[in-house]
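> how would this look folded up:
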Amino acid sequence: MAVWGVPEVRGDIDAVRDLRLDTPSGASVPLRDVADVPIVPMPNVINHENGSRRIDVSCNVAGRDLRSAAQEIERRMRAIPFERGHPPEFFGEYAAR
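You can find the predicted model right below:
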């Protein structure tokens, strides 16, 4: 998964690893405790489909069921104000079911 953060964080890998995540129990844990956060070379790929730009974001689910993770991702994405004509779309194993 790729995340674009505020300038103070995105240039500092340790700051990214220290980002706090809320757990279902209400506790808070650093990202480094639940994910590997490597620096890897990777080109940004902007695909074009039907005259629109598309950027694919993918993730793997571990430690919870696919359904609840996919529903949470979709709920959180729907709360983000996207520009008109650029809505998020959801694909993959969960959407195919």
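> quick check, Arg64 in a strand?
No - counting by DSSP: H, G, I helix; E, B strand; the rest coil, Arg64 is located in no strand; its state is coil.
> give me the neighbour count for it.
When neighbours are defined as other Cβ atoms under 10 Å, Arg64 has 10 of them. All C-beta spots, glycine's among them, are computed from the backbone N, C-alpha and C.
> wasn't His48 part of a strand?
Yes - checked against three-state DSSP, His48 lies within a strand.
> chain neighbours aside, what residue packs nearest to it?
Using Cβ to Cβ, 6 or more residues apart in numbering and skipping residues adjacent in sequence, the residue nearest His48 is Arg54, 7.0 Å away.
> that neighbour touches Ile46, doesn't it?
Yes - if you go by Cβ atoms under 8 Å, Arg54 and Ile46 touch, sitting 7.2 Å apart.
> those two - which one has more neighbours?
Arg54 (12 against 9).
> which ones are touching the more buried one?
Ile46, Asn47, His48 (Cβ atoms under 8 Å, 6 or more residues apart in numbering).
> which one of the residues you listed is nearest Ala15?
Nearest to Ala15, judged by Cβ to Cβ, of the contacts of Arg54 is Ile46 at 26.5 Å.
> quick one: the helices in the chain?
With DSSP state H as the criterion, the chain has helices at 7-10, 13-17, 66-78, 93-96.
> low-confidence ranges, this protein, go.
In the predicted model of the chain, residues 1-4, 42-43 satisfy pLDDT under 70.
> separation between Arg17 and Val34?
With distances taken as Cβ to Cβ, to the nearest Å, Arg17 is found 11 Å from Val34.
> could you do Ser25 as well?
Taken as Cβ to Cβ, the span from Ser25 to Val34 is 13 Å.
> can I get the helices of the chain in CSV including mean neighbour count and distance to Ile39?
Formatted as CSV, the helices of the chain follow (neighbours: other Cβ atoms under 10 Å; distance: least, Cβ to Cβ, whole Å):
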stretch, mean neighbour count, distance to Ile39
helix 7-10, 10, 12
helix 13-17, 14, 6
helix 66-78, 13, 24
helix 93-96, 10, 28
